[in-house]
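> no sequence on this one, just coordinates:
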């Protein structure tokens, strides 16, 4: 049994948990940054910035995630290789697009065909992080935009009356107060992000669902450990993992929510004040 | 420091082309024993692993194995994520329109129906097959209802849990499963031979690489080592050249 659970394939499954957690850890802050920039742009006084901010959210939110994951990543990957191709192989005469084929010179491949397997995997992982961040950033931008609009105008006006500049009002009054409005939306996004990680396999990153399916499938004598269909047990294990993880997230988010409500001009903040917390 | 890191990363990703002896990336599915599968050590294994390594040795190429979903195995070849498909892919007309094949390295192989009982309805019943295979095409053209799955393993599971009446797949894939099912599964009716045998798939523009692999397959056919390999993985009574 212990031999079975420590086979190379199982180690891959355990590594995949690390990959998923790492993806979440990297994607969440990057998506928040995209979201914040998007929301700022959408509120901007300049028409161009406003169009960029609103266009970004509208476009990404309107496209089904799975289309985005299938189309955007390939387009991005080929775009990078094409630019690289133009720089490195200016003398290349064969067409890059040949029917359905996409073929740049070997020196322009990213990563190079000769690179180690981990380089390919790292590159795939980075593409995944970027795609997840862009998609979830657009949703976060909308949440943050709404939260910024939700801060009572009286708060901002008071600050203006004290002679604060627009920039100061934004930094010292608007942003600290908006989080409490943004949190429900952001916590939704976090939960969805956790559950969206199996989409990783679409991007060629072998995640926990892939390995669970691979390990759980019925095995013949060609394998060291033949067994019937065990997918149910592997998927139950994943269910427990996801439930535990979302529950943990909920506990943390509730704490953050309580913390953010303290002293705010909201019903929750008022209730806390009355209760003397 | 940061710049240095970025520069190093970029170097790792893009540079070093000059000293790069061209590596051929071999794309396979890794879910079709005994053709190709991921063994317990987490590595690609099977008939095609052994064959591919031998072909690369004869063609004096450095090869690296990559696994991918069956469903996207042709698009990924075309967009250059790997250079060959060596994944139990039968040569047929439809596929030859989009990729080019080497000569076949197995004779045209029989496909078989497997069901829970010998009198299963394979003419009009529900038949499970893997998506985008010659078998699924065959079922779609027959009178039966086709039920497609992404992986071969799921097609067999569908028969076991009663979702499908029978599964239709390469016989070499099904025989070990039937033998080890303690009589639960049986082969129904005679074999059907489809396709022109299994070959390696390459981009149509990669004529040079295809020539190298073709020559290597020819030499393995000539000295009998290919037949020995087929017998090793598919049993003594397997079809050989």
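Cool, the structure landed. Keep in mind that what you see is a predicted model, and the values were worked out from it rather than measured.
> what count of nearby residues applies to residue 32?
I went with chain A, as the question did not name one. For residue A:32, the neighbour count with other CB atoms under 10 Å in any protein chain shown is 20. No exception for glycine: its C-beta is placed from N, CA and C like everyone else's.
> actually it's chain B I care about, not the one you picked
Residue B:32: 24 neighbours (other CB under 10 Å).
> give the contact list for it.
When contacts are counted by CB atoms under 8 Å, 6 or more residues apart in numbering or on different chains, residue B:32 touches B:46, B:87, B:88, B:152, B:173.
> same deal with residue A:135?
A:31, A:60, A:65, A:68, A:69.
> in which helix or strand would I find the last one?
Secondary structure from DSSP states H and E places residue A:69 in helix A:65-88.
> now the contacts of residue A:135: which count as buried?
A:31, A:60, A:65, A:68, A:69 (16 or more other CB atoms under 10 Å in any protein chain shown).
> distance to residue A:263 added to the contacts of residue A:135, as JSON lines?
Converted to JSON lines, the contacts of residue A:135 look like this (distance: CB to CB, whole Å):
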{"residue": "A:31", "distance to residue A:263": "28"}
{"residue": "A:60", "distance to residue A:263": "35"}
{"residue": "A:65", "distance to residue A:263": "38"}
{"residue": "A:68", "distance to residue A:263": "40"}
{"residue": "A:69", "distance to residue A:263": "41"}
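> strands of the stretch 101-250 of chain A, start to end?
A:101-102 (DSSP state E, counting those that start in this stretch).
> returning to what we had before: determine which two of the contacts of residue A:135 are furthest apart.
A:31 and A:69 (14.6 Å; CB to CB).
> quick one: contacts of the helix or strand that residue A:60 is a member of?
Element membership for residue A:60, per DSSP H and E: helix A:47-62. Identification of contacts with helix A:47-62 by CB under 8 Å, 6+ apart yields A:37-44, A:68, A:134-135, A:137-139, A:141-142, A:145.
> if you set the cut-off to 7 Å instead, what comes out?
A:38, A:41, A:42, A:44, A:68, A:134, A:135, A:138, A:139, A:141, A:142 (CB atoms under 7 Å, 6 or more residues apart in numbering or on different chains).
> among those, who's most crowded?
In the contacts of helix A:47-62, the most neighbours by other CB under 10 Å go to residue A:141, 27 neighbours.
> does that residue touch residue A:39 like I think?
Yes: Residue A:141 is in contact with residue A:39 according to CB atoms under 7 Å; the separation is 4.8 Å.
> so what's the residue count around residue A:267?
Neighbours around residue A:267, by other CB under 10 Å: 9.
> for residue A:29, same thing?
10.
> can you give me the distance of it to chain B?
The gap separating residue A:29 from chain B is 17 Å, by CB to the nearest CB, to the nearest Å.
> any idea how far that residue is from residue A:182?
15 Å (CB to CB, to the nearest Å).
> secondary structure element for residue 25?
Let's take chain A. helix A:8-43.
> actually, chain B is the one I wanted.
strand B:23-28.
> that strand pairs with which strands?
Strand B:23-28 has its sheet partners listed here by DSSP bridges as strand B:62-67 (parallel), strand B:84-85 (parallel).
> would you single out the least confident of those?
The minimum mean pLDDT among the strands paired with strand B:23-28 belongs to strand B:62-67 (a mean of 91).
> got the contact list for residue A:32?
residue A:140.
> tell me the pLDDT at it?
Residue A:32 is given a pLDDT of 96.
> list the contacts for the spatially closest residue to residue B:88 that is not a sequence neighbour?
Computed as CB to CB, 6 or more residues apart in numbering or on different chains, the closest residue to residue B:88 that is not its neighbour in sequence is residue B:35, at 3.9 Å. Shown in contact with residue B:35 (CB under 7 Å, 6+ apart): B:46, B:47, B:48, B:88, B:173.
> out of those residues, which are inside helices?
In helices, judged by DSSP state H, the following of the contacts of residue B:35 are found: B:47, B:48, B:173.
> from those residues, which is closest to residue B:114?
So of these, ranked by how close each gets to residue B:114 (CB to CB), first place is residue B:173, at 9.7 Å.
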